[in-house]
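>>> task: produce atomic coordinates for the following.
(3 chains)
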Amino acid sequence: MSLGFVFDISLLQLTMVMMAPLIIACLGEIIIERSGILNVGIEGIVTVGSVAGFLGTFMMGSPVLGCLTAMMAGGILSLLLAYFAISMRANQIVVGLGIFVLGLGLSPLSYRLAVGVVQSPPQIKTLSGVPVPLLGNIPYVGEVLFRQNILVYLTYFLVAAVAFFLFKTPLGLRLRSCGENPRAADSLGINVTAMRYGACVVGGFFLGLAGAYLPLLITGTFTDNLVNGRGWLALMLVIFGRWMPLWAFLGALLFAYVDAFQFKVSSLPQMAKAVPPQFLLMLPYVFAMLVLVKVASGAEAPRALTRPYDRESRE
Amino acid sequence: MSAAPPRVEMRGICKRFGEVVALDRVDLEAAKGEIHALLGENGAGKTTIMNILSGLYRSDAGEIRVDGRPAPIRSPKDAIGFRIGMVHQHVELIGNFTALENILLGHEGTGWVLRAESQRGAVEEVASRYGLSVPLNERVKALPVGIQQKIEILKALYRGADILILDEPTTMLTPQEVDALFATIRKIAEGGLTVIFITHKIKEVLANSDRITVFRGGCRVGTVRRPEASRELLVQMMVGEREFPAGAGRPGAVASSSAGPPALSVRDLSLRNADIHLLKDVSFDVPAGAIVGLAGVSGNGQRELAEAIAGLLPVQAGEVTIRGRSVEKLTVAARIALGLVLIPQNRIDEGILPSLSLAENFVLGLHPYIFKRSGFFEQGTAHEMARIAIRDYNVLTRNERVPSAHLSGGNIQKVIVARAMALFRAIGGGILIANNPTRGLDIMAAAFVHARFREVREGGGGVLLISEDLDELCSICDRILVIHSGEILGGFDGPDYDVYRIGELMAGVRRRQP
Amino acid sequence: MKGAWSEEDRRHAAALAATYAAAAALALLAAALFILAFGGSIRVAFATVLQASLGTWGGFAQTLNKFCPLLLGSLAVAFGMRGGHFNIGVDGQIYAGAIGMAAVAFGLEGLNLPWPVFVPLGILGGVLAGAFWGLIPGVLRVRYRVSEIFVTVMLNFVALYLVDYLANGPWNDPLAGDAITVPIPKSAVLPQMLPKSGGHMGPLIALAAAAGIYFMMSRTIIGYEIRAVGDNPTAARFGGININRITLVIMPVCGALSGLAGAIEVSGFHQTLLLGLTGPTGAPNYGAMSILIAVIGRRHPLGVILAAAVFAILMVGSDSLQRSIGLPGSAVFVFQAIIVLTVLYVEARRQLST
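Residues are numbered from 1 along each chain as shown, chains lettered A, B, ... in the order given. Okay, the predicted model is just below:
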């Protein structure tokens, strides 16, 4: 195997395809965590997003409507989390795990309810690539970045938009203040409850969209283990990216590269003999653990993360 | 009184927290251009009423008027609308934001894009008007407390506050900073603003206010104008007709007779966090049979010193010896075994296991000793011991099985002290380190705790008493050390202390020791 | 606790009962809606669930066989939670335990050991493998401050692919097909408790483990220290408890409990190592169910036993519903989540009103 393989264009193109759902989910989680809420139900919410995206597209015939359905589903589940975490001041990890399992249960249930028991699973058409004129013609870089599907382009925009929102707008400043010191924010007239609810719902839209991406771009079908830990990986990417969209984007590229790498390698006939494919499949998860060991001790979470805010609590 | 209505008028304000009445029909008014002090002991209700005025708490009953018009304040946002701004005792800034971001937060100007730079001029203008220059681009967590407080004040003024509330603004400040603060406050008041400041320090009130309202036990005792106030009058109003425990057991000669090693010996202990010296070359002894006090304004390294000695923070440099045994490398448990007991500063966060029973709380730390190393947790023994402690320390609780979170703060503190004393006996110790053990206790309970410390001394043990209350230290310590910015600046032997000199050192004023 | 119940205890118990009754009612309501949506009859469906899980000896044995891994898995979660650790890695630890059991079974096959030696050895192998799988997140948390939540989740996938590899590769049984190994030797098979209906001894071992955990938590010093750390780690540290040491006890014990479940699944139930040991994909897998059973059972061994029994019945019952009306097994997840959220809701309400 030549060294050139690691820079292979199709490998890097696949990396971009695999990167998108990770970073979209991660951006959603960043928005939520920046407001002070930890959402460990992310895997379940992304799963629900994937089934909603599939069914929406399948039944209404439009990927756009499919994505909107998924975003609605993500927003609603996230709202449930918000209600428990914010209004009921419940333990966010316990509620999050409840939402995780709820999502795992709802997805196959709604799929079966909508599709019924069938011989061959229904298919939707996966979105094809739309090369960007001019940019797509730049050799190598352009081919990797700008001969992609439309959702990958949307991802570029979302990363920039969320970063701009968090650090360059008044609303972003207020959102971050709720995650750092809600009492200070409250004393300045910022409605902490509303900000946190808003963050959860908007973040939920992202999580749903990330779910919809999987059937729309990767498989074309819905299977029960479609998400396969991508939600958890996104949750780790938040830490890896230190709650900053641009760093998380780099992290998502790295993870996606490892994922794409194992996918490409296992399809090479000479490799399949040398290394059993299962060990390649483990790669992203082992890699994730190694990365966490490297970054976890230096990462600084929003100060008020997981802490419910009660204005009248006496210190 | 002139015909104009007062700037702020509060009538019949009531507030309860659960079963505790924090405010009982309190009236208060403050005029334009006035510096109005609220004076009282801890828990008198002065902070609660200001939290109501600033919208943080909602009153259960009562009425607020601003400039004669009803001001229904239900949230901080409403309060800002009535041009009320409050600076809390522990500054409410966002450490990871710059000073400018903190000031602009919630008041960022119009538009979808944050234009911090274009607001900078306006902030600087307000800052220079009141002489509040602060480094606007620095992250707040890197700035000293005095500067942080200025940012808080600037934040309120930038929002156009006409009524500025300061809660215990001087606790964390050096005397120079205190002087500068009051000069600023005077300037602000002369600009036509109303300044209300909360304090428990009579000296400050007499030096810096126009009128003084005294609180006691959730009620307003009265309001006096500065010229009519005196130290004696204010003390009498604050304390009421309460009876002080007679000067039982003024400190005397050190009871130590043994020639053995000191209970605790610290040599050149240093601790740094990044660039900040938390402790610098701290050296002192606590002899066996003595109570040594550590005086200082809170936040000057007391907490770090106690935790480093106890093994909760690593000793980066220097030596710590307990009864002649060097302990720097030992675990917390091993240090306890050698005779060290710590009463932590924060009773809720560091002292109790909230959902475990009172009995299970009582044996925390004691458990390796009372269960005879059998490996088994004997509920019967734990309950028996807890029942005795409840009786001896007069802990108000239904029984020893209730979760400790159900107890009031004072009763929790009694449990913690009882536990510390039992542990001290169990290990045949040693040295007792108590970090502000009587804060929030009523006078009788505090006297009871002090009596326990004296028992330790009579029994040949050492006590290191860390307190912000100089009166407390002078009343029971054999020796007082003063800490400032992580350094021990001096030591004084009792029983007759030069309180003024100690105060100077607490404020960091170094001079050759007389 | 000794002595008669006080008025307050009684009120507390009544409130608890009411909370769970409300949660169960909501879950039943949801169940009824699902059944209607799938075109079933509510009365028939509920009857089918009970008939299938408890109505026959065969069904009862199936229920007991599901009860065993559910109980051990949720003990593994509940035990960690009591000490402030979140173990989301039950699936991976079950797989690790299964590998350990299979390794002993295949490795010592030639020795012709009698079952009273072979079976305990195999189970020990599973327990140790599970403990090792739990030790990894423990060590990473202590050494690098990495949250055990992430590591346990990631290790689920690693263990899954490891089983995938073993069952397809070195231990594969070409006659049986993909992802399944040759059967373990007969003398490594756990004896049956209900021989005619296929119920193995596992549930008894699981109950013994629950009793052991109960004893450990309430009657030993290490159990007390674990509860102290779980309740307030700072105060525990001030009390001289070494939190790192507690982590290094908790996580391997969590892993050992799940590993025991995996060993029993191999030795008693499947008698082979196969992918899908913790539940077929999409159907309720033991790991996810264990998390919520631990919460529903209030992290207490007794509560966990009750909750695990209820969900074992539901799992077996829902299997038959899947066959009769096509209701997917994952519906059980939804019932669980509804119960957990209702319980959290009622308790938070009560907390907020005081």
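>>> show me which residues of chain A are close to chain B?
Residues of chain A lying close to chain B by CB under 8 Å from any CB of the partner chain are A:167-174, A:176-177, A:180-181, A:183-191, A:300, A:303, A:311-312, A:314-315. Glycine gets a C-beta too; all of them are placed from N, C-alpha and C.
>>> strands of the chain, start to end?
Because you didn't say which chain, this covers chain A. A:130-131, A:147-148 (DSSP state E).
>>> hmm, I had chain C in mind actually
According to DSSP E, the strands that chain C contains are C:192-194, C:199-200.
>>> which of those sits most buried?
When these are scored by mean count of other CB atoms under 10 Å in any protein chain shown, the highest mean neighbour count falls to strand C:199-200 (a mean of 24).
>>> that one packs against which elements?
With contacts taken as 3 or more CB pairs under 8 Å, 6 or more residues apart in numbering or on different chains; DSSP states H and E, strand C:199-200 sits against helix C:57-82, strand C:192-194.
>>> what is the end-to-end distance of stretch B:136-147?
Distance between the two ends of stretch B:136-147: 11 Å, counting by CA to CA, to the nearest Å.
>>> so of the residues of chain A next to chain B, which ones are in helices?
The helices, defined by DSSP state H, take in A:167-168, A:170-174, A:176-177, A:180, A:183-187 from the residues of chain A next to chain B.
>>> whichever of those end up buried, select them in ChimeraX.
Those of these that count as buried under 16 or more other CB atoms under 10 Å in any protein chain shown are selected in ChimeraX with:
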select /A:170,172,173,174,176,177,180,183,184,185,186,187
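>>> farthest-apart pair in the ones in helices among the residues of chain A next to chain B, please.
A:K168 and A:R183 (24.8 Å; CB to CB).
>>> where does the chain have low pLDDT?
Assuming you mean chain A. A:1-4, A:271-272, A:297-299, A:314-315 (pLDDT under 70).
>>> my bad, the chain I had in mind was chain C
In chain C (pLDDT under 70), the answer is C:1-5, C:280-283, C:354.
>>> how about the helices and strands packed on strand C:199-200, which one is nearest chain B?
helix C:57-82 (10.7 Å; CB to the nearest CB).
>>> quick revisit: from the ones in helices among the residues of chain A next to chain B, which is closest to B:I94?
Taking CB to CB as the measure, B:I94 lies nearest A:E180 of those, at 4.5 Å.
>>> which of the helices and strands packed on strand C:199-200 is buried the deepest?
Mean neighbour counts for the helices and strands packed on strand C:199-200 (mean count of other CB under 10 Å) peak at helix C:57-82, with a mean of 26.
>>> tell me which residues are up against stretch B:167-182.
Applying CB atoms under 8 Å, 6 or more residues apart in numbering or on different chains, the contact partners of stretch B:167-182 are B:47, B:50, B:86-89, B:145-146, B:149, B:197-201, B:204, B:207-208, B:297-299, B:507-509.
>>> run the last query once more with 6 Å
B:T47, B:H88, B:Q89, B:V145, B:G146, B:I198, B:T199, B:N208, B:G299, B:A507, B:G508 (CB atoms under 6 Å, 6 or more residues apart in numbering or on different chains).
>>> identify the residues contacting the residue nearest the centre of chain C.
The residue lying closest to the centre of chain C (CA atoms, centre = their mean) is C:G73, at 2.0 Å. C:G73 sits next to C:V90, C:S258, C:A261, C:Y286, C:S290 when contact means CB under 6 Å, 6+ apart.
>>> so which of these are in helices?
Among the contacts of C:G73, the residues falling in helices (DSSP H) are C:V90, C:S258, C:A261, C:Y286, C:S290.
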